[in-house]
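A.B. asks: any chance you can model this:
(2 chains)
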2 protein chains.
Amino acid sequence: MSAYDALEARFRRLGLLGGAAGILHWDWATMMPPGGAEPRAAQLAELALIRHELLTDARVPDLLDEAEAQAETLDDWQRANLGRMRRRWRQAAALPADLVQALSEASSHCEMVWREARPASDFAAFAQAFAPLLGLVREKASALGESLGCAPYDGLVDSNEPGLRCATIDPLFDDLADFLPEFLGRVQEAQAGADAPLVVSGTVEAQQALAKRLMTALGFDFDHGRLDVSLHPFCGGSAGDIRITTRYDEADVLSGLMGALHETGHALYEAGLPEAWRYQPVGQAGGMALHESQSLLIEMQACRSRPFMRFLAPLLAEHLDGGAASADAEALYRQAIRVEPGYIRVDSDEVTYPAHIMLRYRLERALIADDLACDEIPGAWAEIHQDLLGLRPRNDAEGCLQDIHWSVGELGYFPSYTIGTLMAAQFFDATARAEPELWPAIERGDFSPLFGWLRANVHGLASRYEGPALLERATGAPLGTTVFKAHLQRRYLD
Amino acid sequence: MSAYDALEARFRRLGLLGGAAGILHWDWATMMPPGGAEPRAAQLAELALIRHELLTDARVPDLLDEAEAQAETLDDWQRANLGRMRRRWRQAAALPADLVQALSEASSHCEMVWREARPASDFAAFAQAFAPLLGLVREKASALGESLGCAPYDGLVDSNEPGLRCATIDPLFDDLADFLPEFLGRVQEAQAGADAPLVVSGTVEAQQALAKRLMTALGFDFDHGRLDVSLHPFCGGSAGDIRITTRYDEADVLSGLMGALHETGHALYEAGLPEAWRYQPVGQAGGMALHESQSLLIEMQACRSRPFMRFLAPLLAEHLDGGAASADAEALYRQAIRVEPGYIRVDSDEVTYPAHIMLRYRLERALIADDLACDEIPGAWAEIHQDLLGLRPRNDAEGCLQDIHWSVGELGYFPSYTIGTLMAAQFFDATARAEPELWPAIERGDFSPLFGWLRANVHGLASRYEGPALLERATGAPLGTTVFKAHLQRRYLD
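C.D. replies: I've put the predicted structure just below:
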């Protein structure tokens, strides 16, 4: 067996164990009784340790060296795969096994604490579990930064979106920070004078049936996945068995539907990855910014649109009681694009969303640099929130306790949302240029032009290229803010 | 770290991975979309392989030797644990890694085929997947038999119930085969002259609520477990997160309830294992016969009784529509103990159940000995079924395709049911002798005397002793048929 083949065999094992962990995580969030958390945390930590051991086995660096020396015998995908393997190994080798296990256990524990601390708005209880986890995340950041020759926080960012650095993020965020406040003012002014939006209510059962109807229209295959409910919507599971969740608000149907559509964007990215490379690093989804670009493309670009609301309106009327009133596509559209600064990131609109991300980005950089202590988070959060959004959270539940990310040790992830927002606009713009029938098709509920383009230019390429390179290849332009700003202008002011 | 401590650390890892596999199996049977079967099979095979590698690592036999040489430094539980470790290692070391992986994959595949072949009564389709699996099971049986110095089929039996052999089973089964046919005739005669039994109908939702109410009365903790629906009821999950399933028949409430109560017996055994030994071999449930004894003790001994029906009748009236009619405890009891030869093992009564087991026992011994070919199963099944139960299955769905066991490679398991039946009668008899308040308490829905005794004498001892030794220690008598036959006499003829 060649060195490359031996590596493929090993990475297949890693891929399978990753899929097993994915299902166990899904169960944790959707099905597990509360008392199952402790054994589950230990199981997941054990799986993380096993994967770390398989990846950092002493034979792996030799196999990598040998396969790289024979790279001319490999085809392009195999060579890209080998590059991704090297990257995975470098990341894993940077972290000692006991740190991997400790991080997994501390994350599971902190998430359990967060689940109770959030509704109780009890930051002190959360901090008890988060402070030690933060210490471990700092260790991880230092180790990753050292191995990559970058700052610790950059090491975390890179582990979420390969190649992304603060040096790329900062000018983009600065540009948005310049543009958005004044733009927001103009949007609010315009919307104040418009007709009232339509807020539709409906039972959870009816919403769920409609969500499944929409997911099917988009191409979600329920033979290879599920839709369930969780506190924090997510897309998880394993290759070939993709599990998404949403949450329903009986008073506002659009909220749960848009959550389901957002996660469907993630799911269809996963489903569109090349099956032949299913368990190999090159066959995995690209970084998290690229992943978010696919969910935001579906939710924000495609579905919060007038054509989609024209497709949706009669379906709402069909699925919900007292339906006829809900068939006003224009009024629904006004609701879908309503802009209003608020406290909760996941409920916020695309104009104010970047401010929520900048807030978290500033805080987590400071936390990792040790410029901010755990107990200073609530105060710093309130101050920056006031500064960026003109509002001061009334408690920590609608402030720093609202997100799951930090509770599971995911720092360095948040920038992916806004980088993904920019990418989404650029991908969608390129699709619209390539597919003139895109909007009429969406209005008929036909998403095949959209996914045809995405499959050829994004999904089917998996990790063949790094995110920014893939974006430029697919759209002809580098990552930037121009297309996103033009989209905002068109949607909210034209 | 001492050799013993190193072994404990390794077995803790094995225990955690076993728990992870348990949850993945549960998901397979209850939640997984059909397309998830292929990746899940590969994940489970990978977990089986990882566990096999951890267990057969070259250091393990040296550690076992060293720990055994220092056995005088260990306490009784540790010494018993060491013995169970040696046993686990011996079993694992007997099987080559590629056989373990092939068995896991072939079982998952065959179960998928069985799920479709059973409703279609398509033995030919099933045989396509079962024939290669049977070949692997034969290999496994030979390897286990060789390592234990016994016949191949005994090797499989031993892997389900440590120490059990055909030489023990045969005289017990022969004795029952002598006793039951004539006894059955007398019961049928007696029941023909009795008042009609009461068959209660109810919605699935009402049945589920009632099942949960009964499970709670028995002591099932829903903070550490769940009740769901599956094609084939089972008890699974992991330590601290015990998942049971049942299936409901809207026309016959007792059927689904008794299924849930049976699995609750398994679940409460798991829940009663000593937490301090949770991930160690000595802390696991004893063999499968012992496990079945605990479910049958609850279902057959405790719940299919007049006192339990007096507890149940008012609850049925409360939970079901048109309830008053269902509150006739005597008529319910007649339904609970109705005896009638039939085709389906899981629907059969305790008088005819052993015949279903003897049928499978004869066939699987012949299959493992290579005296019966895969395609001869339907004919042989029909013939023995006719001989033992006086009925000939009209198709394979109600014949050899009815059970899941063979489809997942579990041969050598079936005898556990009838050995468990005998044990259940003996354990219950000992409880009734030790706890004079047992029956009045059950009639009030108070199961604490029953579980108090079981926890002290069975559950809390886990694998401290082997099954037959534990039975004798707890009841003062060896395994036999006398107590079971006396129970049948009392319940059906006195």
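
A.B. asks: need the residues of the stretch 151-300 of chain A near chain B, please.
C.D. replies: Proximity of the stretch 151-300 of chain A to chain B (CB under 8 Å from any CB of the partner chain) is limited to residues A:D221, A:F222, A:D223, A:H224, A:G225, A:R226, A:G237, A:S238, A:A239, A:G240, A:D241, A:R278. Where you see a C-beta, it was placed from the backbone N, CA and C, and this is true even at glycine.

A.B. asks: isn't the fifth one up against A:S238?
C.D. replies: No. Between A:G225 and A:S238 there is no contact under CB atoms under 8 Å: 10.1 Å.

A.B. asks: more neighbours, the two?
C.D. replies: Higher neighbour count among A:G225 and A:S238: A:S238, with 26 against 23, using other CB atoms under 10 Å in any protein chain shown.

A.B. asks: please, which helix or strand holds the closest residue to the more buried one other than its chain neighbours?
C.D. replies: Of all residues not flanking A:S238 in the chain, A:G19 sits nearest, at 3.1 Å (CB to CB, 6 or more residues apart in numbering or on different chains). Using DSSP states H and E, A:G19 sits in helix A:3-30.

A.B. asks: could you check the angle that helix makes with helix B:3-30?
C.D. replies: 70 degrees (axes from the mean of the first three to the mean of the last three CA atoms, to 10 degrees).

A.B. asks: quick one: list the elements packing against helix A:3-30.
C.D. replies: Helices and strands touching helix A:3-30, by 3 or more CB pairs under 8 Å, 6 or more residues apart in numbering or on different chains; DSSP states H and E, are helix A:37-56, helix A:59-69, helix A:76-94, strand A:235-238, strand A:241-246, helix B:3-30, helix B:37-56.

A.B. asks: ok, the residue nearest to A:S238 - contacts?
C.D. replies: Shown in contact with A:G19 (CB atoms under 8 Å, 6 or more residues apart in numbering or on different chains): A:G237, A:S238, A:A239, A:D241, B:P39, B:Q43.

A.B. asks: any idea how many residues pack against the last one?
C.D. replies: When you say that, I think you mean B:Q43. Burial measure for B:Q43: 29 neighbouring residues, criterion other CB under 10 Å.

A.B. asks: so A:R226, which of the three states?
C.D. replies: Three-state call for A:R226 (DSSP: H, G, I helix; E, B strand; the rest coil): strand.

A.B. asks: ok, it - contacts?
C.D. replies: So A:R226 contacts A:G237, A:R243, A:I244, B:M31, B:P33 (CB under 8 Å, 6+ apart).

A.B. asks: who touches stretch A:29-45?
C.D. replies: With CB under 8 Å, 6+ apart as the test, stretch A:29-45 has contacts from A:21, A:24-25, A:27-28, A:101, A:104-105, A:108-109, A:112, A:228-232, A:234, A:236, A:243, A:245, B:16-17, B:19-20, B:23, B:31, B:221-226, B:237-241, B:278.

A.B. asks: run the chain-centre distance for it.
C.D. replies: 23 Å (CA atoms, centre = their mean, to the nearest Å).

A.B. asks: same thing with stretch A:428-445?
C.D. replies: Per CA atoms, centre = their mean, the centroid offset for stretch A:428-445 relative to its chain is 24 Å.

A.B. asks: same thing with stretch A:178-185?
C.D. replies: On CA atoms, centre = their mean, the centre of stretch A:178-185 falls 25 Å from the chain's centre.

A.B. asks: name the surrounding residues that touch that stretch.
C.D. replies: Contacts with stretch A:178-185, where a contact means CB under 8 Å, 6+ apart, come from A:V339, A:P341, A:V351, A:T352, A:P354, A:A355, A:T481, A:K485, A:L488, A:Q489, A:Y492.

A.B. asks: what's the burial count for the closest residue to chain B within the stretch 51-200 of chain A?
C.D. replies: Nearest residue of the stretch 51-200 of chain A to chain B (CB to the nearest CB) works out as A:L54 at 8.6 Å. Neighbour count for A:L54, taken as other CB under 10 Å: 16.

A.B. asks: same check, this time on A:A3
C.D. replies: A:A3 sits with 18 neighbouring residues when counted by other CB under 10 Å.

A.B. asks: can you check A:P119 too?
C.D. replies: 10.

A.B. asks: could you find the closest non-adjacent residue to it?
C.D. replies: Closest residue to A:P119 apart from its sequence neighbours, by CB to CB, 6+ apart: A:A397 at 6.7 Å.

A.B. asks: in a helix, the one you found, correct?
C.D. replies: No. With three-state DSSP as the criterion, A:A397 is coil rather than part of a helix.

A.B. asks: ok, it - contacts?
C.D. replies: A:A397 touches A:R118, A:P119, A:A120, A:S121, counting by CB under 8 Å, 6+ apart.

A.B. asks: nearest to B:A260 among those?
C.D. replies: Checking the contacts of A:A397 against B:A260 by CB to CB gives A:P119 as the nearest, at 32.0 Å.

A.B. asks: any idea of the pLDDT on that closest one?
C.D. replies: A:P119 carries a pLDDT value of 94.

A.B. asks: so which helix or strand takes in it?
C.D. replies: Going by DSSP H and E, A:P119 is in helix A:97-120.

A.B. asks: pull the number of nearby residues for whichever residue of the stretch 351-494 of chain A sits closest to chain B.
C.D. replies: Closest to chain B within the stretch 351-494 of chain A is A:A462: 16.4 Å, counting by CB to the nearest CB. If you count neighbours by other CB under 10 Å, A:A462 ends up with 26.

A.B. asks: ok, A:R59 next?
C.D. replies: So A:R59, with other CB under 10 Å, has 11 neighbours.

A.B. asks: and A:N81, by the same measure?
C.D. replies: When neighbours are defined as other CB under 10 Å, A:N81 has 25 of them.

A.B. asks: doesn't A:A276 make contact with it?
C.D. replies: No. A:N81 is beyond contact range of A:A276, at 11.0 Å (criterion: CB under 8 Å).

A.B. asks: give me the common contacts of those two.
C.D. replies: With CB under 8 Å, 6+ apart as the test, A:N81 and A:A276 both reach A:G283.

A.B. asks: and the gap between A:A469 and A:G286?
C.D. replies: To A:G286, A:A469 is 10 Å away according to CB to CB, to the nearest Å.

A.B. asks: who has more neighbours out of those two?
C.D. replies: Using other CB under 10 Å as the criterion, A:A469 and A:G286 rank with A:G286 on top: 26 against 13.

A.B. asks: what about the helix or strand harbouring A:T418, average pLDDT?
C.D. replies: Assessed by DSSP H and E, A:T418 sits inside helix A:415-434. The average pLDDT within helix A:415-434 is 98.

A.B. asks: how far does it sit from the chain's center?
C.D. replies: Its chain's average C-alpha position is 14 Å from that of helix A:415-434, according to CA atoms, centre = their mean.

A.B. asks: ok, now stretch A:262-272?
C.D. replies: How far stretch A:262-272 lies from its chain's middle: 11 Å, per CA atoms, centre = their mean.

A.B. asks: one more: stretch A:406-413?
C.D. replies: Its chain's average C-alpha position is 12 Å from that of stretch A:406-413, according to CA atoms, centre = their mean.

A.B. asks: list the contacts of it.
C.D. replies: Residues outside stretch A:406-413 that contact it (CB under 8 Å, 6+ apart): A:103, A:106-108, A:110-111, A:113-114, A:126, A:129-130, A:133, A:136-137, A:140-141, A:153, A:155-160, A:288, A:364, A:367-368, A:405.

A.B. asks: which ones among these are found in helices?
C.D. replies: Counting by DSSP state H, the part of these found in helices is A:103, A:106-108, A:110-111, A:113-114, A:126, A:129-130, A:133, A:136-137, A:140-141, A:153, A:155-160, A:288, A:364, A:367-368.

A.B. asks: so A:I384 is in which element?
C.D. replies: Per DSSP H and E: helix A:377-389 holds A:I384.

A.B. asks: per-residue confidence at A:G323?
C.D. replies: Per-residue pLDDT puts A:G323 at 63.

A.B. asks: ugh, wrong one, A:V346
C.D. replies: 88.
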